[in-house]
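Enquirer: Let me see the structure of the following:
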Amino acid sequence: MSGGRPTKYNDELFNKAKAYLTDYVMYEDMIPSIASLSLVLGVDRSTLYAWEKEHKEFSYILSDIKAKQEKVLISKGLSGDFNSAITKLVLGKHGYHDKQDVGIIGDINIGSEFNGI
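Expert: Predicted coordinates for the structure are as follows:
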């Protein structure tokens with residue numbers, strides 16, 4: 001016997017989540033988000049992440065939300081429809097950054113040659 005409350009997950013909630021993905025603007029969202037989906041479904045975000053692990057079909061919903069979020073941010077950010085600072089901040093959660101990666105090639109021995117400098 002498992003502990004805890006029974007899950008609220010059912011076909012109706014799954015279909016509501018799918019509908020959110022296509023109609024997120026109906027909820028006055030500029031981009032789809034997991035936070036907003038949790039409000040629409042009336043469950044905590046941690047519940048959505050648990051469902052993601054337990055129900056393969058639901059994991060696709062969360063994956064699609066992230067992909068659509070990234071797509072909308074790029075498109076609207078490039079067109080100037082979205083604030084560039086906020087777009088940059090949220091795209092950082094998708095792995096984008098404007099830092100230049102600089103590495104050191106070879107071994108550098110900082111030792112006796114630089115004593116006293």
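Enquirer: and the helix ranked longest in the chain, which residues are buried?
Expert: Longest helix in the chain by number of residues (criterion: DSSP state H): helix 56-79. Residues 58, 61-62, 65, 68-70, 72-73, 77 are the ones in helix 56-79 that count as buried (16 or more other C-beta atoms under 10 Å). Bear in mind the C-beta positions are built from the backbone N, C-alpha and C, glycine included.
Enquirer: Could you identify the helix or strand that succeeds that helix?
Expert: helix 84-92 (DSSP states H and E).
Enquirer: could you dump the buried residues of helix 56-79 to JSON lines with pLDDT?
Expert: Converted to JSON lines, these look like this (pLDDT from 0 to 100):
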{"residue": "Phe58", "pLDDT": "96"}
{"residue": "Ile61", "pLDDT": "96"}
{"residue": "Leu62", "pLDDT": "96"}
{"residue": "Ile65", "pLDDT": "97"}
{"residue": "Lys68", "pLDDT": "96"}
{"residue": "Gln69", "pLDDT": "96"}
{"residue": "Glu70", "pLDDT": "96"}
{"residue": "Val72", "pLDDT": "96"}
{"residue": "Leu73", "pLDDT": "95"}
{"residue": "Gly77", "pLDDT": "93"}
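Enquirer: in the chain, which helix or strand is least confident?
Expert: helix 84-92 (a mean of 90; mean pLDDT, DSSP states H and E).
Enquirer: what residues does that helix touch?
Expert: If you take C-beta atoms under 8 Å, 6 or more residues apart in numbering as the criterion, helix 84-92 is touched by 31, 69-70, 73-74, 76-77, 96, 98.
Enquirer: mind checking how far it is from the chain centre?
Expert: 12 Å (C-alpha atoms, centre = their mean, to the nearest Å).
Enquirer: swap in stretch 36-51?
Expert: For stretch 36-51, the distance to the chain centre is 14 Å (C-alpha atoms, centre = their mean).
Enquirer: do stretch 64-80 as well
Expert: Worked out by C-alpha atoms, centre = their mean, stretch 64-80 lies 11 Å from the chain centre.
Enquirer: Please save the CA atoms from the longest helix of the chain in CSV.
Expert: The C-alpha atoms that make up helix 56-79 are tabulated as CSV, following Å, rounded to 0.1, in the frame of the first residue of the first chain:
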residue,chain,number,x,y,z
LYS,A,56,5.1,9.6,-20.1
GLU,A,57,2.4,11.4,-22.0
PHE,A,58,2.5,14.2,-19.4
SER,A,59,6.2,14.5,-19.7
TYR,A,60,5.7,15.5,-23.3
ILE,A,61,3.4,18.4,-22.2
LEU,A,62,6.1,19.9,-19.9
SER,A,63,8.8,19.4,-22.6
ASP,A,64,6.6,21.1,-25.2
ILE,A,65,5.9,24.0,-22.8
LYS,A,66,9.7,24.5,-22.5
ALA,A,67,10.2,24.3,-26.2
LYS,A,68,7.4,26.6,-27.1
GLN,A,69,8.6,29.0,-24.4
GLU,A,70,12.0,29.1,-26.0
LYS,A,71,10.6,29.5,-29.5
VAL,A,72,8.3,32.4,-28.5
LEU,A,73,11.1,34.1,-26.6
ILE,A,74,13.5,34.0,-29.5
SER,A,75,10.9,35.1,-32.1
LYS,A,76,9.4,37.9,-30.0
GLY,A,77,12.8,39.0,-28.6
LEU,A,78,14.3,39.3,-32.1
SER,A,79,11.3,41.2,-33.4
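Enquirer: Thanks a lot, catch you later.
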